[in-house]
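Enquirer: Predicted coordinates and the sequence they were generated for:
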Amino acid sequence: MSPPNGERRPLVTDGEANPGKKFTASLNATNDIPQSARRLRWPPIIDRAAEIVRSYDTGVTLRQLHYRLVSEQLTPNTEKAYKRLSSLTAVGRRRGTFPDLIDRGRTIHSYQHFAGPCDALNALQDWYRLDRTAGQDVSCTSVSRKPA
């Protein structure tokens with residue numbers, strides 16, 4: 001309960017590092033509590049996250065979504081919040097209740113397959129190349145680098 005005159009009560013004092021300095025916060029004002037210390041209510045956050053993803057015409061990454069939620073001050077910019085968002089959106093995607101996110105950092109590798117041996121041989125014809133430098137003592141190579 002807040003004091004009747006609206007003054008702030010000291011919650012913690014830091015007597016060693018700063019004698020006499022008091023850290024205060026209203027006991028009933030949510031805005032005075034650092035966002036990272038507040039307990040997050042994830043269901044409405046996930047609902048808002050789904051709205052954000054659906055509002056885009058293009059794919060959205062988890063990172064983009066995280067920073068949108070941070071900018072709306074729904075989640076803190078912490079690794080813990082990012083990982084929790086990742087976990088909850090993955091559960092929602094598996095259940096079909098959350099839209100798909102894109103992952104530009106990963107690719108799925110799979111073996112090339114063919115309908116039959118003839119198709120495989122036809123593909124091999126397109127790929128086959130002789131080494132043009134075979135038997136040469138010197139090979140000239142030109143390398144360029146894109147400027148940063």
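Expert: That came through, no problem.

Enquirer: In contact with Ser120: list those residues for me.
Expert: One correction, residue 120 is Ala, not Ser. Phe114 (CB atoms under 8 Å, 6 or more residues apart in numbering). All C-beta spots, glycine's among them, are computed from the backbone N, C-alpha and C.

Enquirer: Measure how far the helix or strand where it lies is from the centre of its chain, please.
Expert: Element membership of Ala120, judged by DSSP states H and E, is helix 117-127. Counting by CA atoms, centre = their mean, to the nearest Å, helix 117-127 is centred 41 Å from the centre of its parent chain.

Enquirer: Enumerate the positions of that helix that are buried.
Expert: Neighbour counts over helix 117-127 (16 or more other CB atoms under 10 Å) mark no residue as buried.

Enquirer: May I have it exported as PDB, CA atoms only?
Expert: This file holds the C-alpha atoms of helix 117-127, laid out as PDB (Å, rounded to 0.1, in the frame of the first residue of the first chain):
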ATOM      1  CA  PRO A 117      18.800 -44.200 -63.500                       C
ATOM      2  CA  CYS A 118      18.200 -42.500 -66.900                       C
ATOM      3  CA  ASP A 119      17.300 -39.300 -65.200                       C
ATOM      4  CA  ALA A 120      20.500 -39.500 -63.100                       C
ATOM      5  CA  LEU A 121      22.600 -40.100 -66.100                       C
ATOM      6  CA  ASN A 122      21.000 -37.200 -68.000                       C
ATOM      7  CA  ALA A 123      21.800 -34.900 -65.000                       C
ATOM      8  CA  LEU A 124      25.400 -36.200 -64.900                       C
ATOM      9  CA  GLN A 125      25.800 -35.200 -68.600                       C
ATOM     10  CA  ASP A 126      25.000 -31.600 -67.600                       C
ATOM     11  CA  TRP A 127      27.400 -31.600 -64.600                       C
END
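
Enquirer: Let's test this: mean pLDDT of it, rounded?
Expert: Helix 117-127 shows a mean pLDDT of 89.

Enquirer: Over to stretch 45-56?
Expert: 96.

Enquirer: buried ones in it?
Expert: Ile45, Ile46, Arg48, Ala49, Ala50, Ile52, Val53.
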